[in-house]
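S.K.: next input, structure requested:
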Amino acid sequence: MSLLEQQSFIKGIIPFDNLTNMELDEVSKKLDIHYFQKDQFIVDDNSIKEQNLYFVIKGTVQEIDPKTKEVIAVNTAKEFFDPVSLIEHRVKSHFKAVEESLLYVLPKEIFLKIVYQNSKLEHFFFQSISQKLSQTNANNQNKELASFMVARVKDAYLQKPLYVYEDETIFNTVSFMKKHNLTSILVKSLEGEYGIATDTDFREKVILNRLSFDDKVKQISTYGLKYVDNDDFLFNAQLLMTKYSIKRLIVKDKEGQITGILDQMSLTSFFSSHTYAVANEIENAKDLEELKLASNNFIRIVRSLYAKGVKVRYISKLLNELNIKLFQKIFVLLAPEELVNYSALVVLGSEGRSEQILRTDQDNALIIADDCPISEEEIEKFALQFTKTLCEFGYPECPGNIMISNPYWRRKSSGFKELIAQWINRKNEDDFMNLAIFVDANCVVGDKQLIDDLKEYVYSKVDRSAVFFTTFASFALLFATPLGIFNDFIVEKKDKVTELDLKKGGIFPIVHGMRALSLEYHIKENNTVDRIKELNNQGIIDKESASEYIEAFNFLLTLRLKTRLNKLDMGIVPNNCVDPNELSTMDKDMLKDTLKIVNKFKKFLTYHYKLNYV
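M.R.: This is a model prediction of the structure:
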């Protein structure tokens, strides 16, 4: 290859794309080309005398653990190895060509010289895998900021365009505003012109000027309002407010009809994720229709937080809080009044762990106190209506029928104890999966002590079962990690689409493995990351591994959310799958690193629970 071709080759490999022209020139001039036959060792214990960095031009090279002789990874074209050994001045792994291979060879001293003089390369090579994953997550989300900047006025929360006539009294106007939870109201003149009266007007113009409450509201109203189209950009609305020193704009549609009032608080709330306004909407909703309108804003919150680079685990926790408020309100609107004191509505699985972001299927249960005075017929009527309402709000029915409309998941506390005993004693897959999602249960409304007592009952039962944890933990190995021996992705082809299931291949093993460990050590946390941290605090998992597991888990959730949002934009039903061919080179590399961490965790579980004997 010519010097120019060598430079182009090296420049196309991350992180060597950060080399300056002078550094790239120096590296290229020091490169040599070596040929290796099939099964020939490139690096072994004797290589300490002459260490190099290798770039694969052609062929396939296995990385092998010297102690176990196990293949750790596979390097193919445009990949390099083994920088760790050069930095640590020891041979960490052996490398063997599994087919005829052509490699670029860069002497150790040149590599180290370039690394120490180039801050970006130094930062890359001295990061742990978990730090690289964390940095990648941040970089990917920052790229989404641009799409956030094109939000429209109609995307923001708009106050309802309610109005009174100008000859209405101040007292009646304030009463009307209080009834509808308004901070401002439109005032319509006899000629059809609109003005506005705000809470500030009532405070400063009425009280300070000692006006009579029977005076007409037109005396304190402001006319000459500024309008904005509902399809205009929010930034333009912000500019109008700034230009005219006003706090409210009247929003019109294409036909000129007033559709709402955009105020400064709503605008600020939108750019700070819109959550405060939506939470207030849920709180103030008087019926299911208003509640449904409020819940329709959840997807917008997800998009805005994701675009701002907020970590997915924090987005999911925030959405979980909004979902809890929503479920609480639905419960209050639909349930018999006394039921809240004699039951616990719990959400299960990912929602119980505060890890659900986009609406998937319902997973919930109703624990009823043994001394509940309400009839079964009344409770059943409520349960059926609750499930139906959630469906209407966009939460699909659970394919496994894990909903309170199903009597199996709606029973008295003593009935759940009998069920838990069956789940533990029968030891089949369905029973253990039912137990697994129940362990993640979180009370959203009602008597929390009911679920706390049942979880304590679970701990007492499993502690007496010698083989329980071995069988329970083994389900973390149920699905193979989708990474082949040659470091390539193992994918499924469905309808001519190549897909890799992130949940089965990476998310579930971490979730369920941490769940098993937490159950064994009586860790009360529900959230997977919180469980990992507590397992580290108790010395079950070391600090470096805990950091890797957390960042790997976050990366998988982030990649899944990114893919799901893209599918929604294309009108495709979102799922847990990603097409590796559509990923950037960096995302592919990070996904491979992440799946290696998943395999590492599976090995930990296998050793901890002796799963190789199952």
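
S.K.: in the chain, which helix is the longest?
M.R.: Longest helix in the chain, counting residues (DSSP state H): helix 543-569.

S.K.: and for the helix or strand that comes right after it, what's in contact with it?
M.R.: Moving toward the C-terminus from helix 543-569, the next helix or strand (DSSP states H and E) is strand 577-578. The set of residues external to strand 577-578 that reach it, using Cβ atoms under 8 Å, 6 or more residues apart in numbering, is 499-502, 559-560, 563. In short, each C-beta sits where N, CA and C put it, glycine included.

S.K.: so can I have CSV of the residues you listed showing pLDDT and distance to residue 100?
M.R.: Formatted as CSV, these follow (pLDDT from 0 to 100; distance: Cβ to Cβ, whole Å):
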residue, pLDDT, distance to residue 100
499, 89, 33
500, 94, 30
501, 94, 34
502, 95, 35
559, 93, 35
560, 94, 39
563, 92, 37
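
S.K.: next, the buried residues of stretch 289-306.
M.R.: For stretch 289-306, the neighbour count (16 or more other Cβ atoms under 10 Å) marks 291-292, 294-295, 297-306 as buried.

S.K.: same check, this time on stretch 158-167
M.R.: Residues 158-159, 161, 163-164, 166 are the ones in stretch 158-167 that count as buried (16+ other Cβ under 10 Å).

S.K.: how about the contacts of strand 577-578, which pair is most distant?
M.R.: Within the contacts of strand 577-578, two members stand farthest from each other by Cβ to Cβ: 499 and 559, at 13.1 Å.

S.K.: more neighbours: which of these two?
M.R.: residue 559 (23 against 17; other Cβ atoms under 10 Å).

S.K.: I'd like the distance between the more buried one and residue 588.
M.R.: For residue 559, the distance to residue 588 (Cβ to Cβ, to the nearest Å) stands at 11 Å.

S.K.: what is the burial count for residue 3?
M.R.: Residue 3 has 11 nearby residues by other Cβ under 10 Å.

S.K.: for the nearest residue to it once chain neighbours are set aside, what are its contacts?
M.R.: Nearest residue to residue 3, sequence neighbours excluded (Cβ to Cβ, 6 or more residues apart in numbering): residue 28, at 5.5 Å. Contacts here follow Cβ under 8 Å, 6+ apart; on that basis residue 28 touches 3, 6-7, 10.

S.K.: neighbour-wise, which of these leads?
M.R.: Among the contacts of residue 28, residue 10 has the most neighbours (other Cβ under 10 Å), with 21 neighbours.

S.K.: report all helices and strands that the helix or strand that contains that residue contacts.
M.R.: Element membership for residue 10 (DSSP H and E) is helix 3-11. Using 3 or more Cβ pairs under 8 Å, 6 or more residues apart in numbering; DSSP states H and E as the contact test, the elements touching helix 3-11 are helix 21-30, strand 52-58, strand 101-107.

S.K.: closest one to residue 521 among those?
M.R.: The nearest among these, by Cβ to Cβ, is strand 52-58 at 42.8 Å.

S.K.: the inter-axis angle of that closest one versus helix 21-30?
M.R.: 80 degrees (axes from the mean of the first three to the mean of the last three Cα atoms, to 10 degrees).

S.K.: next, the buried residues of strand 52-58.
M.R.: Neighbour counts over strand 52-58 (16+ other Cβ under 10 Å) mark 52-57 as buried.

S.K.: same question for stretch 304-317.
M.R.: Quick answer for stretch 304-317 (16+ other Cβ under 10 Å): 304-309, 311-313, 315-317.

S.K.: okay, who's weakest in those residues by pLDDT?
M.R.: Among those, residue 308 has the lowest pLDDT, at 67.

S.K.: need the residue in this protein that's farthest from the chain's center.
M.R.: Most distant from the centre of the chain: residue 212, at 54.3 Å, with distances by Cα atoms, centre = their mean.

S.K.: distance of the residue nearest to residue 3 relative to residue 562?
M.R.: The gap separating residue 28 from residue 562 is 36 Å, by Cβ to Cβ.

S.K.: pull the CA atoms of stretch 369-380 into PDB?
M.R.: Taking C-alpha atoms only, stretch 369-380 is exported to PDB below (Å, rounded to 0.1, in the frame of the first residue of the first chain):
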ATOM      1  CA  ALA A 369     -56.900  -7.000  52.400                       C
ATOM      2  CA  ASP A 370     -58.400 -10.200  54.000                       C
ATOM      3  CA  ASP A 371     -60.800  -8.000  56.000                       C
ATOM      4  CA  CYS A 372     -62.000  -6.000  53.000                       C
ATOM      5  CA  PRO A 373     -65.800  -5.300  53.400                       C
ATOM      6  CA  ILE A 374     -66.400  -4.500  49.800                       C
ATOM      7  CA  SER A 375     -68.100  -7.200  47.700                       C
ATOM      8  CA  GLU A 376     -66.200  -9.200  45.100                       C
ATOM      9  CA  GLU A 377     -68.800  -8.100  42.500                       C
ATOM     10  CA  GLU A 378     -68.000  -4.400  43.200                       C
ATOM     11  CA  ILE A 379     -64.300  -5.000  43.000                       C
ATOM     12  CA  GLU A 380     -64.500  -7.000  39.800                       C
END
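
S.K.: just how off-centre is that stretch within its chain?
M.R.: Mean-position distance between stretch 369-380 and its chain equals 37 Å (Cα atoms, centre = their mean, to the nearest Å).

S.K.: now swap in stretch 46-53 and tell me
M.R.: 43 Å.

S.K.: contacts for that stretch, please.
M.R.: 80-83, 85-86, 90-91, 105-108, 111.

S.K.: in stretch 75-87, what's buried?
M.R.: The neighbour-count check on stretch 75-87 (16+ other Cβ under 10 Å) flags 75, 79-83, 85-86 as buried.

S.K.: over to stretch 90-97?
M.R.: Buried residues in stretch 90-97, counted by 16+ other Cβ under 10 Å: 91, 93-97.

S.K.: list just the nearest of those to residue 372.
M.R.: Nearest to residue 372 among these, with distances taken as Cβ to Cβ, is residue 93, at 62.3 Å.

S.K.: which residues in the stretch 251-400 of the chain form strands?
M.R.: Assigned by DSSP state E, counting those that start in this stretch, the stretch 251-400 of the chain shows strands spanning 258-263, 343-347, 364-368.

S.K.: and of those strands, who's closest to residue 541?
M.R.: Closest approach to residue 541 among those (Cβ to Cβ): strand 343-347, 26.7 Å.
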